[in-house]
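In: Just to be clear, the model below is a prediction. Sequence and coordinates:
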Amino acid sequence: MKSLSAILAIAFALAAQPALAQKIDLSDLSCKQFTAYNKENTGIILMWLDGYYRSKDDAAVIDFDRMGKNGAKLASYCADNPDTSVGKAAEKVMGQ
């Protein structure tokens, strides 16, 4: 499941946003940088994170409500911790 979500996120990123950096290391991307991205770019990253933090056994379903709630939690955490990496922030709020 993780690999399918990652492939789809990469495909959408490359097709929809040619101006976006070709590689984003979430362990290096700060919360401040993440929140500065436009809505489309943050959506791509959130979709990738949603797939990454799902179980192998989860159904292949895109749950926009779940992504929205997780995105709101991540945005709130990032607002309070702008120097934290998005990878660490996502682990705190989505890896539970």
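Out: It's in.
In: Please count neighbours and contacts with C-alpha atoms only from this point.
Out: OK.
In: biggest helix in the protein, by residue count?
Out: With DSSP state H setting the assignment, residue counts place helix 64-80 as the longest helix in the chain.
In: Now do the helix or strand following it: which elements does it pack against?
Out: Toward the C-terminal end, the helix or strand that comes next after helix 64-80 (DSSP states H and E) is helix 86-94. In this structure, helix 86-94 packs against helix 31-36, helix 64-80, with contacts taken as 3 or more CA pairs under 8 Å, 6 or more residues apart in numbering; DSSP states H and E.
In: Can you give me the separation between Phe47 and Met94?
Out: In this structure residue 47 is Met, not Phe. For Met47, the distance to Met94 under the criterion CA to CA, to the nearest Å works out to 12 Å.
In: With Trp48 instead?
Out: As it turns out, when the distance is counted by CA to CA, Trp48 lies 12 Å from Met94.
In: In stretch 63-70, which of the residues would be classed as buried?
Out: Neighbour-count burial for stretch 63-70, with 16 or more other CA atoms under 10 Å as criterion, is recorded at Met67, Asn70.
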